[in-house]
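*Asks:* Provide a 3D model corresponding to the input given below.
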Amino acid sequence: MPELPEVEVTRLSFAERIAGAHIEQVRMGKPLRWPLGCAPAELVGRQVQAVRRRGKYLLLDLDRGLLLLHLGMSGSLSFAPSQPPPGTHDHFDLVTSRGVLRLNDPRRFGAVVHVEEEQAPGAVKLLGALGVEPLDDGFDPQAFHAGLRRRKAPIKQVLLAGDVVVGVGNIYASEALFLAGIRPTLSAARISRPRALKLHAAIRDVLARAVAQGGSTLRDFSNAHGESGYFQLEAMVYGRAAQPCRVCGTTVRVIRQGQRATFYCPSCQKA
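*Replies:* Prediction:
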């Protein structure tokens with residue numbers, strides 16, 4: 001599943017190129033996770049002003065309204081002056097004066113939703129419960145610790161929930177917890193202030209490095225240029241079950257938490 005770094009890398013790969021473009025046509029393929037929310041023809045003539053990100057959602061600001069895009073489990077966006085005829089898994093084309101933005105999504109868990117404003121009920125339903133952005137200045141370490149103190153669930157699960165801090169998905173939660181030396185099964189409420197501050201710094205560090213590396217390509221992720229990411233090559237624990245820890249040599253373990261694989265070093269992450 002594309003996580004925050006992959007979504008941010010995707011945004012950076014086409015945001016400047018599509019800004020200022022006028023929508024000339026909207027082509028829809030098979031139904032996605034949610035309906036578009038308007039007739040495709042209603043978007044023709046509108047101008048794309050900017051592309052933002054909120055958690056794992058991309059927000060295309062139009063001169064009237066906005067489009068919320070989610071890549072789901074297997075989606076990817078491409079942006080080019082022209083695109084070949086839509087294939088089986090191409091479910092949305094935004095044809096603009098500067099190129100065609102295409103959503104390819106084999107599993108169709110992605111979405112493109114139109115809302116009139118960010119405060120509209122449809123947008124609030126999708127974005128309203130999201131926590132603070134981890135790469136923004138508003139990600140305050142003291143507030144982060146206070147948020148953890150209110151949660152008794154395992155820290156890995158709290159990070160994935162997205163209400164304390166948004167976008168720390170499965171790959172990067174495992175990596176940040178390793179960097180902070182925290183066992184993923186530890187109750188979030190039991191994490192001391194110094195350890196919470198260390199985890200706060202680790203989250204920012206891991207996500208920033210992942211964005212700089214173009215995200216992680218585990219299966220078929222690529223940005224809007226068609227380029228793969230390389231963060232997975234420097235992962236300390238994720239995907240490295242039964243291999244030696246890069247720091248201490250102890251065998252990396254994998255467990256299941258909430259149907260997701262969690263990787264950790266039992267020596268470097270004792271508690």
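*Asks:* so where's the stretch 151-271 of the chain uncertain?
*Replies:* 216-230 (pLDDT under 70).
*Asks:* which stretches in it count as strands?
*Replies:* Assigned by DSSP state E, counting those that start in this stretch, the stretch 151-271 of the chain shows strands spanning 253-257, 260-264.
*Asks:* buried deepest among those, which one?
*Replies:* strand 260-264 (a mean of 20; mean count of other CB atoms under 10 Å). In short, each C-beta sits where N, CA and C put it, glycine included.
*Asks:* parallel or antiparallel, list what pairs with that strand.
*Replies:* Using DSSP bridges, the strands paired with strand 260-264 are strand 253-257 (antiparallel).
*Asks:* show me the domain layout of this protein.
*Replies:* Domain assignment of the chain by automatic domain parsing yields the ranges 4-127, 141-264.
*Asks:* rounded mean pLDDT for the first one, please.
*Replies:* Confidence over domain 4-127 (mean pLDDT, whole number) is 95.
*Asks:* picking that back up, quick one: the strands of the stretch 151-271 of the chain as TSV, columns for distance to residue 212 too.
*Replies:* Below are the strands of the stretch 151-271 of the chain laid out as TSV (distance: least, CB to CB, whole Å):
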stretch	distance to residue 212
strand 253-257	26
strand 260-264	22
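*Asks:* which residues does the longest helix seen in the chain contact?
*Replies:* Criterion DSSP state H: the longest helix present in the chain is helix 193-212. The set of residues that contact helix 193-212 without belonging to it, under CB atoms under 8 Å, 6 or more residues apart in numbering, is 4-5, 8-9, 12, 134-135, 139, 141, 144-145, 148, 155, 159, 165, 167-168, 171-172, 175-177, 179-182, 191, 216, 229, 231, 234.
*Asks:* that one: how far from the chain's middle?
*Replies:* 16 Å (CA atoms, centre = their mean, to the nearest Å).
*Asks:* give me the buried positions along that helix.
*Replies:* Across helix 193-212, burial judged by 16 or more other CB atoms under 10 Å covers 195-200, 202-204, 206-207, 210-211.
*Asks:* swap in stretch 112-120?
*Replies:* Buried residues in stretch 112-120 (16+ other CB under 10 Å): 112, 113, 114, 115, 118.
*Asks:* nearest to residue 28 among the residues you listed?
*Replies:* residue 112 (8.5 Å; CB to CB).
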